[in-house]
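Peer 1: This is the structure alone, sequence omitted:
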């Protein structure tokens, strides 16, 4: 039973982190810390951005939960793991798949992945902190799903 509960804590934390990331992106990065996030919305040839330091916002709580959970032998370690797994997912989806910082995962016919990429492109069309949209990463807004081209079936030739 403990394994199942721990699994639920990890999965639940992972899911909650999408909401936390959305809120941090909308209200912190596009709010009072825009000066730190702005370079992410400007194309340049630099590999690193000031914006990259935002990983600390999520790494510090994850480390805290790992440390306190380990010291006390309780559920907090599983919260730390959920935050860590979301961070890894964010790195792979955002930096590798969407922004192509590493030239991997370039092509896909998967509708979900194409929708994530499209939502992020819609987000980046706004160069200032105002009028932003699509602040999340893993759950694209419904309207983006509806405008995403469905995979067309192959035409039969006679």
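Peer 2: Happy to help now that I have it. Keep in mind it's a predicted model, so treat the numbers as computed, not measured.
Peer 1: Which positions within stretch 138-152 qualify as buried?
Peer 2: 138, 140, 144, 148 (16 or more other CB atoms under 10 Å). (Glycine included, C-beta is placed from N, CA and C.)
Peer 1: Let me see the contact set for the last one.
Peer 2: If you count contacts by CB atoms under 8 Å, 6 or more residues apart in numbering, residue 148 has them with 111, 114, 115, 118.
Peer 1: Can you tell me the element the closest residue to residue 28 other than its chain neighbours falls in?
Peer 2: Nearest residue to residue 28 in three dimensions, chain neighbours excluded: residue 57, at 7.6 Å (CB to CB, 6 or more residues apart in numbering). Residue 57 belongs to helix 55-72 when assigned by DSSP states H and E.
Peer 1: And for residue 36?
Peer 2: helix 34-37.
Peer 1: picking up where we left off before, what element comes up after the helix holding residue 57 heading to the C-terminus?
Peer 2: helix 76-90.
Peer 1: Residues in contact with that following helix: which ones?
Peer 2: Counting by CB under 8 Å, 6+ apart, 6, 9-14, 16-18, 21, 55, 58-59, 61-70, 137-138 sit against helix 76-90.
Peer 1: 6 Å instead?
Peer 2: Contacts with helix 76-90, where a contact means CB atoms under 6 Å, 6 or more residues apart in numbering, come from 6, 9-10, 13-14, 17, 58, 62, 65-66, 68-70.
Peer 1: could you say what helices and strands the helix or strand that it is followed by packs with?
Peer 2: Using DSSP H and E, the helix or strand that directly follows helix 76-90 along the chain is helix 111-124. Contact analysis of helix 111-124 by 3 or more CB pairs under 6 Å, 6 or more residues apart in numbering; DSSP states H and E lists helix 142-147 as its packing neighbours.
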